[in-house]
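**Student:** Build the 3D model from these lines:
(one chain, ligands or ions: 1)
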Amino acid sequence: MSQQAIRRALISVYDKTGLEELGYGLAEAGVEIVSTGSTAARLREVDVPVTPVEDVTGFPECLDGRVKTLHPNVHAGLLADRTRPEHQSALDDLGIAPFDLVVVNLYPFQEAVASGAPPEECVEKIDIGGPAMVRASAKNHASVAVVTDPSSYDDVLEAVRAGGFTMEQRKRLAAMAYAHTASYDAAVSTWFATRYAPDEVAERTGWPDFYATAHERATTLRYGENPHQDAALYRVDDPSGPGLAGAEQLHGKEMSYNNYVDSDAALRAAYDFSEPCVAIIKHANPCGIAVGDDIAEAHRKAHACDSVSAFGGVIATNRPVSVAMAEQVAEIFTEVLAAPGFEPGAVEVLTRKKNIRLLVVRPPERGGRAETHGISGGVLLQASDRIDAAGDDPASWELRAGPAADDATLADLAFAWRAVRSVKSNAILLSVDRATVGVGMGQVNRVDSARLAVTRAGDRVRGAVAASDAFFPFPDGLEVLTEAGVRAVVQPGGSVRDDEVVAAAERAGVAMYLTGTRHFFH
Ligand SMILES: NC(=O)c1ncn([C@@H]2O[C@H](COP(=O)(O)O)[C@@H](O)[C@H]2O)c1NC=O
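**Tutor:** Coordinates of the predicted model:
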């Protein structure tokens with residue numbers, strides 16, 4: 001049996017979007033509609049004939065709506081497989097009519113939690129009868145079509161006119177229905193394990209014994225990190241929410257896997273600053289980060305850090321792109337420009353270059369949320385690194401060597417400390433006038449990172465300040481910096497050889513501040 005004519009429908013929806021049009025269409029096609037409490041009331045208001053579900057169950061809706069459709073007269077009508085004669089004759093014996101179509105959406109549990117509603121209210125918003133009907137109908141897709149999304153109502157009416165959904169369509173609807181209940185259950189179960197009923201370990205550490213999230217495929221990608229790897233982008237939560245996965249692309253070729261990774265790193269760097277900031281990224285590392293009085297100035301300074309590496313880079317800003325910045329970027333081959341917006345005229349300037357990808361990204365969420373990292377056989381979770389720890393405030397830094405920095409030097413050190421968080425470890429970052437001038441990244445020892453930063457800075461190293469993402473284990477890395485002309489350094493401290501490192505700073509006459517906070521980035 002492929003096509004299944006739609007003669008009897010059960011509709012029970014919390015979200016009444018599109019309900020009236022659906023009701024009109026079904027009634028016009030002669031479909032009998034059975035409905036619960038306020039769904040039935042809404043249909044009746046617009047003169048769509050409805051059979052109340054109580055007439056089917058012979059039982060009143062009760063317990064504040066906790067029991068409406070949970071009845072064999074409903075569930076036998078949903079679960080009878082009409083390809084099996086014995087199911088059909090059982091229905092006949094019991095006097096139960098089957099359903100061909102089920103339209104259900106669930107109580108808004110996630111919205112209740114997000115609104116900060118008290119726990120009892122959230123619990124009350126856990127739908128029981130809805131998921132039961134959705135699962136039953138999805139299992140019985142051989143006989144029943146199940147719809148959980150108002151955006152599918154047009155398809156329903158088209159199918160009614162066409163003589164019913166085909167088996168292939170009912171299978172797809174069933175897959176969507178199970179995704180709907182899985183996402184719902186992921187939200188409920190994680191809330192229970194995290195906030196409502198944490199076990200003793202979760203109570204102590206905040207890490208639940210069960211952690212589920214639902215991801216929805218947003219798009220497939222041409223390939224992954226390399227052309228022989230398949231890849232797709234999956235989105236969490238609300239597609240209109242913050243962050244890169246929900247970005248609007250205004251121009252350019254399709255985003256690649258590596259474009260996403262680099263854009264994410266660029267946005268992370270740019271949004272670490274409250275002043276207008278530009279970050280230019282290649283292979284997830286900065287080739288320039290700078291703040292300025294305006295976004296065009298920030299871009300000029302960031303680009304000047306390493307204009308060779310910026311070729312083919314990914315740029316992010318924390319302010320809308322101005323025409324002045326657009327004119328500058330238009331001169332440089334750039335893969336992606338991600339920004340919270342574009343001022344009038346900026347897109348026109350940028351689209352002179354065919355290939356640049358322009359993204360409007362709602363500011364990403366900062367910190368707090370769990371970050372995942374897949375490993376063989378499992379996944380690591382950690383709270384996101386944040387730049388607002390106690391040690392990130394220059395007022396809390398400890399001056400351990402040299403003269404106290406003047407205000408301008410301290411501002412440069414504060415900039416360098418924020419920026420070094422976006423450099424892959426081991427990270428040494430040199431800056432002048434709140435712009436990077438040399439970045440040493442991803443080396444397996446800190447001395448080589450220091451050498452790399454100094455080499456990249458060239459003459460600009462004289463008078464620059466330096467930040468190190470983690471402590472100097474020996475004086476050698478620091479000495480590379482001081483011998484090259486760095487005049488002030490900020491680093492977490494915490495090495496068993498801190499005293500030797502501090503003594504080396506004293507000898508060189510440079511200021512050394514310890515933050516007590518580390519920002520490894522792997
Ligand atoms: N308990 C039940 O038997 C039951 N049956 C259906 N529901 C839900 O009730 C809502 C619709 O109710 P109403 O038509 O009264 O607005 C839907 O979200 C549906 O998923 C139920 N409610 C909660 O579990």
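**Student:** drop to CA atoms for contacts and neighbour counts, all remaining ones
**Tutor:** Will do.
**Student:** got any ranges where the stretch 251-400 of the chain has weak pLDDT?
**Tutor:** Counting by pLDDT under 70, the stretch 251-400 of the chain has low-confidence residues at 366-369.
**Student:** ranges for the helices of it?
**Tutor:** Assigned by DSSP state H, counting those that start in this stretch, the helices in the stretch 251-400 of the chain fall at 257-270, 295-305, 323-330, 346-350.
**Student:** Please convert the ones you listed to JSON lines, extending it with distance to the ligand and mean neighbour count.
**Tutor:** Formatted as JSON lines, these follow (distance: least, C-alpha to the nearest ligand atom, whole Å; neighbours: other C-alpha atoms under 10 Å):
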{"stretch": "helix 257-270", "distance to the ligand": "37", "mean neighbour count": "23"}
{"stretch": "helix 295-305", "distance to the ligand": "48", "mean neighbour count": "24"}
{"stretch": "helix 323-330", "distance to the ligand": "49", "mean neighbour count": "18"}
{"stretch": "helix 346-350", "distance to the ligand": "44", "mean neighbour count": "18"}
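**Student:** between these, which gets nearest to K139?
**Tutor:** K139 lies closest, by C-alpha to C-alpha, to one member of the helices of the stretch 251-400 of the chain: helix 257-270, at 35.7 Å.
**Student:** helices or strands up against that closest one?
**Tutor:** On a contact count with 3 or more C-alpha pairs under 8 Å, 6 or more residues apart in numbering; DSSP states H and E, helix 257-270 meets strand 277-282, strand 285-291, strand 313-317, strand 334-339.
**Student:** quick one: which of the ones you listed is nearest E121?
**Tutor:** Once those are compared by C-alpha to C-alpha, strand 334-339 is nearest, at 38.5 Å.
**Student:** quick one: that closest one to chain centroid distance?
**Tutor:** 19 Å (C-alpha atoms, centre = their mean, to the nearest Å).
**Student:** what lines up beside it in the sheet?
**Tutor:** If you go by DSSP bridges, strand 334-339 pairs up with strand 313-317 (parallel), strand 357-360 (parallel).
**Student:** re the thing from before, could the helices of the stretch 251-400 of the chain go into JSON lines alongside distance to Q4?
**Tutor:** Compiled in JSON lines, the helices of the stretch 251-400 of the chain are given as follows (distance: least, C-alpha to C-alpha, whole Å):
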{"stretch": "helix 257-270", "distance to Q4": "42"}
{"stretch": "helix 295-305", "distance to Q4": "60"}
{"stretch": "helix 323-330", "distance to Q4": "57"}
{"stretch": "helix 346-350", "distance to Q4": "50"}
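**Student:** which one of the ones you listed lies closest to G116?
**Tutor:** helix 257-270 (27.4 Å).
**Student:** List the contacts of the closest one.
**Tutor:** For helix 257-270, contacts defined as C-alpha atoms under 8 Å, 6 or more residues apart in numbering pick out 221, 223-225, 231, 244, 277-286, 289, 314-318, 335-336, 338, 364, 419, 421-422.
**Student:** and the angle from it to strand 334-339?
**Tutor:** With axes from the mean of the first three to the mean of the last three C-alpha atoms, to 10 degrees applied, the angle from helix 257-270 to strand 334-339 works out at 40 degrees.
**Student:** Residue ranges in the chain under the pLDDT threshold?
**Tutor:** Low-confidence segments of the chain (pLDDT under 70): 1, 237-241, 366-369.
**Student:** Of the helices and strands packed on helix 257-270, which is nearest the ligand?
**Tutor:** Closest approach to the ligand among these is made by strand 334-339 (38.6 Å; C-alpha to the nearest ligand atom).
**Student:** What lies in contact with that closest one?
**Tutor:** Residues contacting strand 334-339 (C-alpha under 8 Å, 6+ apart): 259, 263, 267, 310-321, 355-361.
**Student:** Make a PyMOL selection of the buried ones in those.
**Tutor:** Per 16 or more other C-alpha atoms under 10 Å, the buried members of those correspond to this PyMOL selection:
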select buried, resi 259+263+267+310+311+312+313+314+315+316+317+318+319+320+321+355+356+357+358+359+360+361
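**Student:** Distance of the spatially most distant residue from the centre of the chain relative to the ligand?
**Tutor:** Distance from the centre of the chain peaks at D93, with 52.4 Å (C-alpha atoms, centre = their mean). Applying C-alpha to the nearest ligand atom, to the nearest Å, the value for D93 to the ligand is 24 Å.
**Student:** Can you pull the phi/psi pair for that residue?
**Tutor:** phi -60, psi -40 (degrees, to the nearest 10).
**Student:** now T36
**Tutor:** According to degrees, to the nearest 10, T36 has phi -90, psi 170.
**Student:** ok, the residue lying closest to A411 once chain neighbours are set aside - contacts?
**Tutor:** Spatial nearest neighbour of A411, excluding adjacent residues (C-alpha to C-alpha, 6 or more residues apart in numbering): R434 at 7.3 Å. When contacts are counted by C-alpha under 8 Å, 6+ apart, R434 touches 290-292, 411-412, 415-416.
**Student:** after the longest helix seen in the chain comes which helix or strand?
**Tutor:** Ordering each helix of the chain by length in residues (DSSP state H) puts helix 167-191 first. Helices and strands here follow DSSP states H and E; after helix 167-191, the next one along the chain is helix 200-205.
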